[in-house]
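Colleague: Kindly generate the corresponding structure for this input.
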Amino acid sequence: MNRIFTSLVMLGVPLTVAGSLLHWSSISMFIICSVTVIAISSFMGRATESIAIVSGPRIGGLLNATFGNAVELIISIFALKAGLIGVVLASLTGSVLGNLLLVGGLSFFLGGLKFKRQKFSIHDARHNSGLLVFAVIVAFVIPEIFSMSMNETKTLQLSVGISVIMIVLYLAGLFLKLVTHRGVYAHSEEGSVTEHEEPEWSKKKALTILVLATLAVAYVSESLVHTFEAVGEQFGWSELFIGVIIVAIVGNAAEHSSAILMAMKNKMDVAVEIAIGSTLQIAMFVAPLLVIISLFMPTAMPLVFTVPELVAMATAVLLTISVSSDGESNWFEGLTLLAAYLIMGIGFYLL
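Modeller: Numbering: from 1, shown residues only. Sure thing, here's the model as predicted:
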């Protein structure tokens, strides 16, 4: 499989360059760029797995989420530059749904098929639950409610204020986990693989690959963004569906593969850290950062989602909390999360 992804990268990047210069059709470029981004993301997943073996599940999970979300951030910045505000907001929605329901669901389901009962840190689960409620239900719903009685200028000012608060709180949460309370709630996974693992790459090589992969994704993503409107018209996809499903799946391919791989190795602390940690990073750091970046773009982006987006995200959060708050998972809980994702996917497709 690694050879296949390597071949796709070696072929996909030159094809992207050639397609941009020769102005190939939007459909061709969309397929080439999407496959190339996913292939590059596999290298990011392997690199972060190597770092996780050396540095532990929290650092590994955080790095995976950060570099995985870097793809999402890069795609969103190019979309903002192109004035596709709806696609950006929809892709943020899709990231929340994809990480909680698709990534979390596949991790619980496939891991649960191999291990009947999988455990992860209940303290981290409860800590993340509170932040999920704040990030999605509080910080995303409030701008929507207040914007009903505000003009566009005040709505944008409210969005910027909330964004700054969310970024500060996210950084404070990282300081709690990685500095002041590091190791306080240490968790030893029962039944996990105990033999010593050798990382595929050294720490230095893994970090180098992460940086190079991120740069490659930045280039390919710019070409990918330019295909969205034409592809949407061709297939009858709405801007909302493109953002929620297509961009989110392509942009978060690194987390998808890494979390599932960790779950199938019974490393649920890393898998949960990737799925939920990535969601928190999207909601509390990437989304607010995009609001601030948009101030320097032709069109500013307020942190105001549509009602279907808000309802879908709130439902995903509540469902995830209900199945993960006990610190255990099984294949049926994963199947429940996947069923919820499919139902929402059908709804967004038909909107």
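Colleague: Would you confirm that Pro143 contacts Gln157?
Modeller: No: counting by CB atoms under 8 Å, Gln157 is not a contact partner of Pro143; they are 10.6 Å apart. Backbone N, C-alpha and C define where each C-beta goes, glycine included.
Colleague: Give me the more crowded residue out of the two.
Modeller: Pro143 (22 against 13; other CB atoms under 10 Å).
Colleague: mind listing what the more buried one touches?
Modeller: Counting by CB atoms under 8 Å, 6 or more residues apart in numbering, Pro143 makes contact with 155, 158-159, 162, 302-304.
Colleague: List the ones among those that fall in helices.
Modeller: Counted as lying in helices by DSSP state H, out of the contacts of Pro143, are 155, 158-159, 162.
Colleague: Can you list the neighbours in contact with the worst-scoring helix or strand of the chain on mean pLDDT?
Modeller: Every helix and strand of the chain was ranked by mean pLDDT, DSSP states H and E. The lowest is helix 248-251, at a mean of 74. Contacts with helix 248-251, where a contact means CB under 8 Å, 6+ apart, come from 34, 37-38, 71-72, 75, 91, 93-95, 97-98, 102, 224, 256.
Colleague: cool, stretch 18-31 as well?
Modeller: So stretch 18-31 is in contact with 16, 32, 223-224, 226-228, 230-231, 234, going by CB under 8 Å, 6+ apart.
Colleague: for the chain, what spans make up the strands?
Modeller: If DSSP state E is used as the criterion, the strands of the chain fall at 118-119, 328-329.
Colleague: Please tell me how far the first one is from the chain's geometric centre.
Modeller: A distance of 23 Å separates the centroid of the chain from that of strand 118-119, by CA atoms, centre = their mean, to the nearest Å.
Colleague: do the last one as well
Modeller: Between the mean C-alpha point of strand 328-329 and the mean C-alpha point of its chain there is a distance of 22 Å (CA atoms, centre = their mean).
Colleague: mean confidence score for that strand?
Modeller: For strand 328-329, the mean per-residue pLDDT is 90.
Colleague: pretty sure Ser129 is in contact with Ser325, am I right?
Modeller: Yes: using CB under 8 Å, Ser129 is in contact with Ser325, at 6.0 Å.
Colleague: Those two: which is more packed in?
Modeller: Ser129 (18 against 13).
Colleague: ok, now which ones touch the closest residue to that one other than its chain neighbours?
Modeller: Sequence neighbours aside, Ile321 is the residue nearest to Ser129 in space, at 4.6 Å (criterion: CB to CB, 6 or more residues apart in numbering). The contact partners of Ile321, taken as CB under 8 Å, 6+ apart, are 129, 132-133.
Colleague: From Lys205, how far off is Ile321?
Modeller: For Ile321, the distance to Lys205 equals 38 Å [CB to CB, to the nearest Å].
Colleague: Pass me the low-pLDDT residue ranges in the stretch 51-200 of the chain, would you?
Modeller: Residues of the stretch 51-200 of the chain meeting the criterion pLDDT under 70: 56-58, 60-61, 64, 68, 181-197.
Colleague: For it, just list every one of the helices.
Modeller: 57-81, 85-97, 104-114, 122-132, 139-147, 152-175 (DSSP state H, counting those that start in this stretch).
Colleague: between the shortest one and helix 85-97, how big is the angle?
Modeller: Right, the one you point to is helix 139-147. Here the directions of helix 139-147 and helix 85-97 differ by 140 degrees (axes from the mean of the first three to the mean of the last three CA atoms, to 10 degrees).
Colleague: and the gap between Thr48 and Trp24?
Modeller: 32 Å.
Colleague: The two: which has the busier surroundings?
Modeller: Neighbour count, other CB under 10 Å: between Thr48 and Trp24, Thr48 has more, with 31 against 16.
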